[in-house]
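Chemist: coords below, sequence missing:
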């Protein structure tokens, strides 16, 4: 009686070619040549990827991933363009405003817009458009300088306290608690009321004095988190010095939260300068500032609302642009939000 033959393997889609592929991948001893099959599969996958992505691509860093996300974020693009425009006109205001912000004509006080003066005149007969454009210079300068000072001082103090811990960390924590208990506006009224200088440096110094504790706490927490990672412990075990661990291993991985908070705080400092100037303890005439113009136009809001609306609108757009930029940077640098 003849022995039953095993059923032939079913080959779908490929016909004879698929059968030949199976036979070609099988050795003389009946074993499958998995190395050849896997190599052909990997080559096919790499060739089918039009972007060139695959296992051979190098892993992107946090900064490259963040930059890729920022370029695709419309909020970042719009806010960055607005900030770029503000920086350009603050450096070269004569590009779009040819008048003199200190030249006033009382005969045209509180008049509306006219050819060559689209924003009208304020209560002293000064061109509102020219003063609004020139007011961006002081606001941007105060915001940038105050942010740099706060970020530098807060990062150094908070980073060192978080890295070494112990008694210095306890002292810094108590000092920051004291500064957090001081109301910012009330502190400005008390400290700046005794300053007679009309430069921007007293205002910047006040902002740095009361603004560094927030950055300090952010930097302290970021350093404490970073120093517990395995690569820092490995560097310590290999005999790396404290300065090398801080500069090479901890700082690059702890600076992202500081950048986010500092970007958002820049808009806050611009608003704070306008608030202090409005209250009369910040910048004073003849300085050109949005806060000074808002304060001068407040009594005439019924007769000449344009003198108040244009500098207020410029201040609101500037603060909003920096806050939106900070939110976009935070979303890009925070891995938890991906």
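Modeler: All right, it came through fine. Predicted model only: the values in this text are computed from it and were never measured.

Chemist: If you count contacts, what does the longest helix along the chain end up packed against?
Modeler: Longest helix of the chain, by residue count under DSSP state H: helix 128-164. Using 3 or more CB pairs under 8 Å, 6 or more residues apart in numbering; DSSP states H and E as the contact test, the elements touching helix 128-164 are helix 74-91, helix 166-180, helix 201-226, helix 251-279, helix 290-297, helix 306-333. Bear in mind the C-beta positions are built from the backbone N, C-alpha and C, glycine included.

Chemist: Mean neighbour count, the ones you listed: which tops it?
Modeler: Mean neighbour counts were taken over these using mean count of other CB atoms under 10 Å, and the top value, a mean of 24, falls to helix 290-297.

Chemist: What mean pLDDT does that one get?
Modeler: Confidence for helix 290-297, expressed as mean pLDDT, is 93.

Chemist: And stretch 61-69, by the same measure?
Modeler: Per-residue scores along stretch 61-69 average to 79.

Chemist: For it, buried residues please.
Modeler: Across stretch 61-69, burial judged by 16 or more other CB atoms under 10 Å covers 66, 69.

Chemist: likewise stretch 106-121?
Modeler: In stretch 106-121, counting by 16+ other CB under 10 Å, buried: 108-111, 117, 119-121.

Chemist: Stretch 235-246 now?
Modeler: Quick answer for stretch 235-246 (16+ other CB under 10 Å): 235, 245-246.

Chemist: now the closest residue to residue 146 other than its chain neighbours: how far from residue 220?
Modeler: For residue 146, ignoring the flanking residues on the chain, the nearest one in space by CB to CB, 6 or more residues apart in numbering is residue 207 at 3.9 Å. Going from residue 207 to residue 220 by CB to CB, to the nearest Å gives 20 Å.

Chemist: Quick check, residue 319 in contact with residue 267.
Modeler: Yes. Using CB atoms under 8 Å, residue 319 is in contact with residue 267, at 4.3 Å.

Chemist: Tell me the pLDDT of the spatially closest residue to residue 298 that is not a sequence neighbour.
Modeler: Excluding its sequence neighbours, the residue lying closest to residue 298 (CB to CB, 6+ apart) is residue 308, at 6.5 Å. Residue 308 carries a pLDDT value of 93.

Chemist: returning to that earlier point: looking at the buried residues of stretch 235-246, which is nearest residue 170?
Modeler: Taking CB to CB as the measure, residue 170 lies nearest residue 246 of the buried residues of stretch 235-246, at 20.0 Å.

Chemist: Would you confirm that the closest one contacts residue 162?
Modeler: No. With contact defined as CB under 8 Å, residue 246 does not reach residue 162; the gap is 10.3 Å.

Chemist: okay, the angle between the longest helix of the chain and helix 166-180?
Modeler: Put simply, helix 128-164 runs at 150 degrees to helix 166-180, going by axes from the mean of the first three to the mean of the last three CA atoms, to 10 degrees.

Chemist: picking up where we left off before, so which of the buried residues of stretch 235-246 is the closest to residue 82?
Modeler: residue 246 (35.9 Å).

Chemist: that older thread, now the buried residues of stretch 235-246 as TSV including secondary structure and pLDDT?
Modeler: Listed next are the buried residues of stretch 235-246 as TSV, based on DSSP: H, G, I helix; E, B strand; the rest coil; pLDDT from 0 to 100:
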residue	secondary structure	pLDDT
235	helix	83
245	helix	85
246	helix	83
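
Chemist: Take those residues and lay them out in TSV including distance to residue 212.
Modeler: Output for the buried residues of stretch 235-246, formatted as TSV (distance: CB to CB, whole Å):
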residue	distance to residue 212
235	29
245	24
246	19
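
Chemist: Out of those residues, which comes closest to residue 146?
Modeler: For these, the nearest to residue 146 is residue 246 (25.2 Å; CB to CB).

Chemist: Just list the residues touching the closest residue to that closest one other than its chain neighbours, thanks.
Modeler: Using CB to CB, 6+ apart and skipping the chain neighbours, the partner closest in space to residue 246 is residue 163 (6.2 Å). Residue 163 sits next to 223, 227, 242, 246, 250 when contact means CB atoms under 8 Å, 6 or more residues apart in numbering.

Chemist: okay, among these, which ones form the most distant pair?
Modeler: The widest separation within the contacts of residue 163 (CB to CB) is 11.9 Å, between 223 and 242.

Chemist: Work out the gap between stretch 122-141 and the centre of the chain.
Modeler: 27 Å (CA atoms, centre = their mean, to the nearest Å).

Chemist: Could I get the buried residue list for that stretch?
Modeler: 122-124, 126-141.

Chemist: I'd like the mean pLDDT over that stretch, please.
Modeler: Computed over stretch 122-141, the average pLDDT equals 93.
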